[in-house]
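Asker: Sharing a model prediction with you, sequence too.
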Amino acid sequence: MIRYDEEKSFELTDFKEIAGEDVVRVVISRCPKKVMTRVAKASDHFEKAKKLSGIDDEMGVIRLIAAEEELVVAIFELIKSQKPGGGRYKTYVKKFNNHKVKLGFYPVLSQVKHILSSIYSSGVALDGMQGDFGFSYRLVVENDKAVARIYYDDKGGYIDHNPMSQIISLEDREYDEVLESLYKEFEGRVHADANMDIKTFVAQRSDFRNKILYATDEGVASMGESLDDLISKVFSIAIQDLLWVLCVLSSYPLDKNADLLLKQFFELYGMILKEAGVRDIKPLP
């Protein structure tokens, strides 16, 4: 018999240590219950995974994979709850049971994060400003809301704005050309890091737990890294980034004029899922 705990705690102690108390506080205060139940279960998986270190590392990593998936589903549920703006993403949200869809999400997010970090760390010049002028950028929580903060001088001056209102652009290229370039960069990164094409990469990532759990004709698979290393080098970073996504998405209503980066992310994500063999990925309206 399955019993649902209506009083499931949302303490999320480990998640506060990973992403920061401010980020988690925004998520708890702004997200509906159906989102928070997924976040709480992800936290539960993470806490139990840590306890398995040195005892059963394989089961620990399966818990970590489940934590990542639960946070992706939480993001989907949050998007779905935002009407009417969230409706444009239904082609993805309705596939929340597909492991390729869930485990293909974070690698794309990581790539977009990497590109944005590269853009802003180079000190991009601001139009209309005289001289050699650049700025720095970071996500912060201000008044229980996620904001993108642009620091425009060395005296601490800054401007806050909606992180989703920006878009990745490349010189004078058209929007579709930018998407194709982002796709090619993702493809190159997968090949360089894993020596795989996109289809194989997503398939292996989504099937990793089965490789750990079950023997095959070729033999029995084993983990190449310890559970502790995977927690510190891989999953803690993924959880931090996914919690930030929840923080940002819960801070603003989804609007076609103010979710430009989210739309661009999902269009890139859709290209990668199609290449991975996920069917019925429709263009965003």
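Answerer: Received the coordinates, thanks. Residues are numbered from 1 along each chain as shown.
Asker: Look at Ile159 and give its secondary structure.
Answerer: strand (DSSP: H, G, I helix; E, B strand; the rest coil).
Asker: Now do the same for it: its pLDDT.
Answerer: With respect to pLDDT, Ile159 scores 87.
Asker: Could you find the closest non-adjacent residue to it?
Answerer: Take Ile159 and drop its neighbours on the chain: the residue closest to it by Cβ to Cβ, 6 or more residues apart in numbering is Ile150, 4.8 Å away. C-betas here are computed from N, CA, C, even on glycine.
Asker: The helix or strand where the one you found lies packs against which elements?
Answerer: Using DSSP states H and E, Ile150 maps to strand 146-151. Contacting strand 146-151 under the criterion 3 or more Cβ pairs under 8 Å, 6 or more residues apart in numbering; DSSP states H and E are the following elements: strand 136-141, strand 158-161, helix 236-251.
Asker: Give me the buried positions along that strand.
Answerer: Across strand 146-151, burial judged by 16 or more other Cβ atoms under 10 Å covers 146-148, 150.
Asker: Identify the residues contacting the nearest residue to Ser136 once chain neighbours are set aside.
Answerer: The shortest distance from Ser136 to any non-neighbouring residue, by Cβ to Cβ, 6+ apart, is to Tyr151 (4.7 Å). The neighbourhood of Tyr151, defined by Cβ atoms under 8 Å, 6 or more residues apart in numbering, consists of 135-138, 157-158.
Asker: Name whatever forms a beta bridge with Tyr151.
Answerer: Ser136, Tyr158 (DSSP bridges).
Asker: and the angle from the longest helix belonging to the chain to helix 236-251?
Answerer: Criterion DSSP state H: the longest helix present in the chain is helix 57-81. Relative orientation of helix 57-81 versus helix 236-251 (axes from the mean of the first three to the mean of the last three Cα atoms, to 10 degrees): 10 degrees.
Asker: quick one, helices of the protein?
Answerer: Under DSSP H, the chain gives helices at 13-19, 21-30, 33-51, 57-81, 90-93, 99-121, 175-194, 198-213, 227-230, 236-251, 260-275.
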